[in-house]
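*Asks:* Need coordinates for the below:
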Amino acid sequence: MKSVSLFIATRYLLKNRYEHSLSTMVIITALSIFIGTFSLALTTAIMNGFEKSVHTKMQNIHPQATIYSSGSPLNVYAIETLIKKEFLEISAISPQSIGHVILQSKDNEEEHTPSVAILKGVNPSQEAAVSAIDSKILKGQSFNDALHSEHIVLGKSLAQQLDVGMNDIMPLLYLEQTDGKNKLSIHRERAIVGGIFDTGIDEFDSSLIFCSAPFFDTLFPDQGITQIGLSFAQHTDIPQTIARLRQRLALDVYSWQELYPALVSALALEKYTMFFILLLITLIAAMNIISLISMLISQKRADIAMLRAMGIAPQTITAIFMIIGMSVAGVAALLGILCACIASVLLERYPFIELPHVYYVSHLPAHMEWSIVVMVFVVVLLITILATWFAAQRAKSITIAHVLRFEG
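*Replies:* The predicted model follows:
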């Protein structure tokens, strides 16, 4: 009976070319499903690309995870020894010291307002192993070459604000506690701009400075190591490893996503919200199948009655219209997804649409994945199956005797 259903469904679809009303309805239905599927797949790919671009940019400046102290300096040697022994999935570590400095322009002119910045003391080679800062240094320098002795590396926005460039000398003002930590005194130290980085994230480019660990110790001799950046091997279960580190070290360990929960949640919420909104549009487009199948059943009432009189089961009749609806919807959905894949590739390779600087990306990103393709196709197919099945039930309500007597 399956072959009978397929044969009759194929005949009805091919014959529709000669029936203007039905052929027009088929085109309208297929076009609406095509547009809905295309919009759903492309928008999901764009939101996925935006999420991945922001994650990549944030990870350029942050290690995958960071160990924090609760106030006292960390015992780096003991922690490093334990990690090498018990946490083989951790591929690199980078001790870091954090302080705050006040910056003035090289000419100390009045129009240049002093800026407060975060000073991060690191080992250049170790830091380059846990973050992508090395690839963000302008003018092709390496992070290790740009950061030595009293040299510093600062963000592009901060350099423009202070009107400084490569090899310029600039003063660093910092606070030091004296007299039993009851008084504060301001000290001044000379620094040389050894490099400028551009992460594309203004909050970092305008407020972050890197220096070597020895230079940091000359400014803050009692500070010590306050955090350790971590990098993991591929295919590592990072949340589980972080939980083990917290339990084993009894210290605060956070991934970069946990440092920005609002940003991560907002990106995920935007992606799922856009998916469900466009899914409603696709649902409305799939409703055209109900009209198509209902119209087809109305025009084929005599055929349906004749087939029923010949002993063909109602399920076989239903299967005929299910095949018709699924054929139209399936072809339209596949074409929509194919066009969405092509559009996402073009958006990924060529920055047609540029975005303002308030965003973390400079152009509209798109990143299509197999999971998106499968998810969109399955969801659209499920919607059309339900719509087609609902419409095909009308064929069962046809009274055979009445149709053969008055319409046969």
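*Asks:* make it CA atoms for all contacts and neighbour counts henceforth
*Replies:* Will do.
*Asks:* buried set for stretch 32-49?
*Replies:* Within stretch 32-49, the residues scored as buried using 16 or more other Cα atoms under 10 Å are 32-49.
*Asks:* Rounded mean pLDDT for it, please.
*Replies:* Stretch 32-49 carries an average pLDDT of 89.
*Asks:* what does that stretch contact?
*Replies:* Stretch 32-49 is contacted from outside by 267, 270-271, 274-275, 278-279, 281-282, 285-286, 288, 329, 332-333, 335-337, 339-341, 343-344, 364-369, 372-373, 376-377, 380, using Cα atoms under 8 Å, 6 or more residues apart in numbering.
*Asks:* what residue ranges in the stretch 151-300 of the chain score low on pLDDT?
*Replies:* 177-184, 300 (pLDDT under 70).
*Asks:* where exactly do the helices run in it?
*Replies:* With DSSP state H, counting those that start in this stretch as the criterion, the stretch 151-300 of the chain has helices at 156-162, 202-205, 213-219, 238-249, 256-259, 261-286, 288-299.
*Asks:* Could you work out which of these reaches nearest to Ala65?
*Replies:* helix 256-259 (5.9 Å; Cα to Cα).
*Asks:* ok, residues contacting the closest one?
*Replies:* For helix 256-259, contacts defined as Cα under 8 Å, 6+ apart pick out 58-59, 62-66, 264.
*Asks:* Okay, strands next: where are they in the stretch 101-250 of the chain?
*Replies:* 115-122, 151-155, 169-178, 183-197, 208-212, 227-232 (DSSP state E, counting those that start in this stretch).
*Asks:* Can you say which of these is nearest to Lys136?
*Replies:* strand 183-197 (5.1 Å).
*Asks:* Can you name the residues in contact with the closest one?
*Replies:* Residues from elsewhere that reach strand 183-197 (Cα under 8 Å, 6+ apart): 133, 136-138, 141, 143, 146-147, 150-156, 159, 164-178, 205, 219.
*Asks:* Low-confidence regions, the stretch 1-150 of the chain specifically.
*Replies:* Applying pLDDT under 70 to the stretch 1-150 of the chain flags the ranges 1-2, 4-5, 8-9, 11-22, 105-114, 140.
*Asks:* ok, 90 please
*Replies:* Where the stretch 1-150 of the chain drops to pLDDT under 90, the residues are 1-33, 35-36, 39-40, 43-44, 46-65, 68-77, 84-86, 88, 98-118, 124-150.
*Asks:* from what I can see Gln96 touches Gly229, true?
*Replies:* Yes. Using Cα atoms under 8 Å, Gln96 is in contact with Gly229, at 7.2 Å.
*Asks:* Where do the helices of the stretch 1-150 of the chain begin and end?
*Replies:* So, for the stretch 1-150 of the chain - with DSSP H, counting those that start in this stretch - the helices run 2-15, 20-61, 76-86, 124-130, 143-146.
*Asks:* now those in a markdown table, with distance to Ile201?
*Replies:* As requested, those are arranged in a markdown table below (distance: least, Cα to Cα, whole Å):
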| stretch | distance to Ile201 |
| --- | --- |
| helix 2-15 | 55 |
| helix 20-61 | 8 |
| helix 76-86 | 30 |
| helix 124-130 | 18 |
| helix 143-146 | 18 |
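*Asks:* dump the residue contacts of the residue nearest to the spatial centre of the chain.
*Replies:* The centre of the chain sits closest to Glu51, judged by Cα atoms, centre = their mean, with a distance of 2.1 Å. Counting by Cα under 8 Å, 6+ apart, Glu51 makes contact with 267-268.
*Asks:* heads up, I number from 28, so please use that
*Replies:* Taking 28 as the first residue, the last one we looked at is Glu78.
*Asks:* and it, how far is that from Phe259?
*Replies:* 21 Å (Cα to Cα, to the nearest Å).
*Asks:* And for Asp279?
*Replies:* Asp279 sits 17 Å away from Phe259, going by Cα to Cα.
*Asks:* higher neighbour count, these two?
*Replies:* The neighbour comparison of Asp279 against Phe259 (other Cα atoms under 10 Å) goes to Phe259, with 20 against 16.
*Asks:* so what's that one up against?
*Replies:* Counting by Cα under 8 Å, 6+ apart, Phe259 has contacts 91, 116-119, 265.
*Asks:* So which of the residues you listed sit within strands?
*Replies:* Among these, the residues falling in strands (DSSP state E) are 117-119.
*Asks:* Most neighbours among those, which one?
*Replies:* Counting by other Cα under 10 Å, Ala119 has the largest number of neighbours within the ones in strands among the contacts of Phe259, with 20 neighbours.
*Asks:* on that earlier part again, can you add distance to Glu107 and give the helices of the stretch 178-327 of the chain back as TSV?
*Replies:* Listed next are these as TSV, based on distance: least, Cα to Cα, whole Å:
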stretch	distance to Glu107
helix 183-189	33
helix 229-232	28
helix 240-246	17
helix 265-276	11
helix 283-286	20
helix 288-313	28
helix 315-326	64
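*Asks:* possible to save these as a markdown table with distance to Ile347 and mean neighbour count?
*Replies:* What follows is the helices of the stretch 178-327 of the chain, written out as a markdown table (distance: least, Cα to Cα, whole Å; neighbours: other Cα atoms under 10 Å):
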| stretch | distance to Ile347 | mean neighbour count |
| --- | --- | --- |
| helix 183-189 | 66 | 20 |
| helix 229-232 | 60 | 18 |
| helix 240-246 | 75 | 18 |
| helix 265-276 | 51 | 14 |
| helix 283-286 | 52 | 15 |
| helix 288-313 | 18 | 16 |
| helix 315-326 | 10 | 20 |
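*Asks:* Nearest to Ala414, out of the ones you listed?
*Replies:* Closest approach to Ala414 among the helices of the stretch 178-327 of the chain is made by helix 315-326 (5.9 Å; Cα to Cα).
*Asks:* Can you name every helix or strand that that closest one contacts?
*Replies:* On a contact count with 3 or more Cα pairs under 8 Å, 6 or more residues apart in numbering; DSSP states H and E, helix 315-326 meets helix 47-88, helix 341-376, helix 397-419.
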